[in-house]
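*Asks:* have a look at this prediction, sequence included:
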Amino acid sequence: MTISLARGEDQGVIICLSMILTPIHRARPSLRKWIWKPEKTKRASRRQVPLPGSGGETVRPSVVVLASRFDLTCDYVVAELRRSCVSYLRINTEDLPHLDVLLNPIVQRLTISSEVGVFELTQSDLTAIYFRRPVYLREYTTESRPAHEQLVRTHWASFIRSFMIFNRCRWMNYPGATYVAEHKALQLAAAVQLGFDVPDTLVTNSMLGIEAVRSDSPLVAIKGLDTVLLRENGKETFGYTSLLEFSEITSYNVRAAPVVVQEALCNKLDLRVTVVGDSYWCASATLNGQGIEGDWRICGRSVIFAEYILPEDVAQRCIALTKHFGLLFSAIDLALHKDHYYFLEINPTGEWAWLHVSLGFPIPRAIVSALTSKIGGQENIEPSLSQNP
C-alpha cells in the first residue's frame with residue numbers, strides 16, 4: 001500500500017517519498033546468560049585461558065563482535081568463530097548500560113567488567129572487530145523521548161563510535177568507511193568511475209528534476225536518499241523503492257524533501273552480490289520464474305533465490321567498489337536489464353544470512369577467515385576461549 005506521511009502542509013517532512021511502507025516483524029530472542037567454555041583441543045601446547053571469575057587472569061579476546069540482540073545474522077559469525085577456536089567477545093549494544101566500562105583513550109585500552117569477569121581490549125591483543133551496526137545508529141522515530149533518555153542514548157552511541165581508537169586491527173567494516181559508503185550519491189559517482197552502468201538518476205525536490213529522468217516508460221523509480229525506517233504508535237515500518245507513474249507525483253508531494261529519482265528499469269533481473277575481501281557470491285531473485293517489477297523485498301517469502309554466475313568483469317567491479325570505500329564486506333544490488341548490468345546500490349552492513357541458509361554460500365566462514373587472517377605480517381593470537389552466541 002502506498003501511503004502519504006503527511007500531517008498537514010507544515011509537517012510534510014517526507015511526504016515526497018510516497019514510499020511503500022511495510023511493517024517489520026521481529027522475533028525477540030530470549031536473553032541468554034553469558035556462558036563461557038574453554039575450547040577443546042588436541043594440541044596440549046595451546047595456552048589455556050582461565051574462566052572469568054575463577055581467580056584467573058583478565059581475558060583479552062582477539063575478536064570483538066559489535067552487534068545487537070536482534071541481529072540474528074551475527075549468530076552465524078559467532079558460531080563460525082567458535083568452530084574455528086577463536087577467542088571473541090560479543091557485545092550487544094543494548095547491554096552496555098548493564099556493564100562497567102572503562103576506556104582509556106591515552107593508552108588505547110578498554111576494560112569491560114561484568115558479573116562473569118573482566119575483559120580487556122588493547123591495540124596489541126585485538127586483531128579484528130566485526131561491526132554491523134549502522135554507523136551513526138540513526139534514531140528514526142516521531143515519538144518524543146524524555147530528555148534524560150535522549151542524553152543517555154546519544155552518549156552510548158558516541159561511546160560505540162569510540163571503538164574507532166582501535167585502528168590497528170582489522171575492521172569489518174570501519175565506521176568511518178561505512179558512513180561514507182552509505183551515501184547513495186557517492187555510491188553512484190564511484191560506480192560510474194569504475195565502469196558500471198547506472199540508471200539515469202537525480203537527487204531532487206523538483207518536478208523539473210523528475211521530468212528530466214523520464215524515459216520511454218511511464219514509470220519512475222523513487223527511493224529515499226537515506227534509509228527510511230519509521231516508528232509510530234509502537235509500530236515499525238520500512239521504506240522500499242517505489243515505481244510511480246508520473247501522473248501520481250505532484251509538486252506538493254515533492255517539495256518537502258529531496259529524494260532519489262531514477263529511470264525505471266522494467267523487465268529486469270535483480271541480483272544480490274555479497275563481497276567479502278576478494279571473494280564474492282551472486283544470487284538472482286525471481287517470482288514465479290520471472291523478473292520482479294519494482295523492489296523484490298516487498299514480495300517477501302515468495303521470492304525464489306538461485307545462484308547466478310556473474311561475468312568476471314562485473315564481479316571484479318563489485319570487489320573494486322567495495323575496496324574503493326575501504327570496506328572488507330559489502331552487499332551490492334545489481335539489475336540485469338537489456339543485457340547490461342546496472343549498479344543500484346551498495347550496503348556496507350547488508351543482510352546475507354538467508355543466502356547462507358538457502359543457497360549454502362559459505363559467507364560466515366569467509367567473514368571469519370577475513371577477520372582472523374594475518375594482519376601486517378603478524379600472526380593472530382591463538383585463542384582458547386569462546387563465548388556462546
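*Replies:* Received, thanks.

*Asks:* assign a three-state SS to residue 185, would you?
*Replies:* The local conformation at residue 185, judged by DSSP: H, G, I helix; E, B strand; the rest coil, is helix.

*Asks:* hmm, it is touching residue 202, no?
*Replies:* No. Using CB atoms under 8 Å, residue 185 is not in contact with residue 202; the gap is 10.1 Å. C-betas here are computed from N, CA, C, even on glycine.

*Asks:* what about residue 264, how many residues nearby?
*Replies:* Other residues within reach of residue 264, judged by other CB atoms under 10 Å, total 25.

*Asks:* ok, for it, nearest residue in space, not its chain neighbours?
*Replies:* Closest residue to residue 264 apart from its sequence neighbours, by CB to CB, 6 or more residues apart in numbering: residue 219 at 4.0 Å.

*Asks:* for the one you found, give me its contacts.
*Replies:* With contact taken as CB atoms under 8 Å, 6 or more residues apart in numbering, residue 219 is in contact with 243-246, 264, 266.

*Asks:* now with 6 Å, please.
*Replies:* 243, 245, 264 (CB atoms under 6 Å, 6 or more residues apart in numbering).

*Asks:* circling back: compare residue 185 and residue 202 and say which one has the larger neighbour count.
*Replies:* Between residue 185 and residue 202, counted using other CB under 10 Å, residue 202 has the larger neighbour count: 18 against 11.

*Asks:* confirm that that one sits in a strand.
*Replies:* Yes. Residue 202 forms part of a strand when assessed by three-state DSSP.

*Asks:* and it, how far from residue 274?
*Replies:* Separation of residue 202 from residue 274 (CB to CB, to the nearest Å): 29 Å.

*Asks:* then residue 363?
*Replies:* 6 Å.

*Asks:* for residue 311, the count of nearby residues, please.
*Replies:* Neighbours of residue 311 (other CB under 10 Å): 10.

*Asks:* need the three-state assignment for the closest residue to it other than its chain neighbours.
*Replies:* Leaving out its chain neighbours, the residue that sits closest to residue 311 by CB to CB, 6+ apart is residue 341, at 7.3 Å. Reduced to three states with three-state DSSP, the structure at residue 341 is strand.

*Asks:* now residue 341: how far from residue 324?
*Replies:* Residue 341 is 17 Å from residue 324, by CB to CB.

*Asks:* do the same with residue 351
*Replies:* Taking CB to CB, one finds residue 351 at 22 Å from residue 324.

*Asks:* could you do residue 124 as well?
*Replies:* For residue 124 relative to residue 324 (CB to CB), the value is 30 Å.

*Asks:* the two: who's more crowded?
*Replies:* Remark: of residue 124 and residue 324, residue 324 carries more neighbours, 19 against 12, as counted by other CB under 10 Å.

*Asks:* enumerate every residue touching that one.
*Replies:* Contacts for residue 324 (CB under 6 Å, 6+ apart) come out as residue 190.

*Asks:* can you give me the pLDDT of it?
*Replies:* In this model, residue 324 is scored at 97, pLDDT.

*Asks:* could you report the neighbour count for residue 335?
*Replies:* With other CB under 10 Å as criterion, residue 335 counts 19.

*Asks:* from memory it sits against residue 266, does it?
*Replies:* No. Counting by CB atoms under 6 Å, residue 335 does not reach residue 266; the two are 10.2 Å apart.

*Asks:* ok, back up a step: distance of the residue nearest to residue 264 relative to residue 201?
*Replies:* Shown here: residue 219 relative to residue 201, a distance of 15 Å by CB to CB.

*Asks:* next: residue 337.
*Replies:* Counting by CB to CB, the gap from residue 337 to residue 201 is 14 Å.

*Asks:* now swap in residue 240 and tell me
*Replies:* Per CB to CB, residue 240 is found 17 Å from residue 201.

*Asks:* buried ones in the longest helix belonging to the chain?
*Replies:* The residue-count maximum for a helix in the chain (DSSP state H) belongs to helix 147-161. Buried residues in helix 147-161, defined by neighbour count with 16 or more other CB atoms under 10 Å: 156-157, 160-161.
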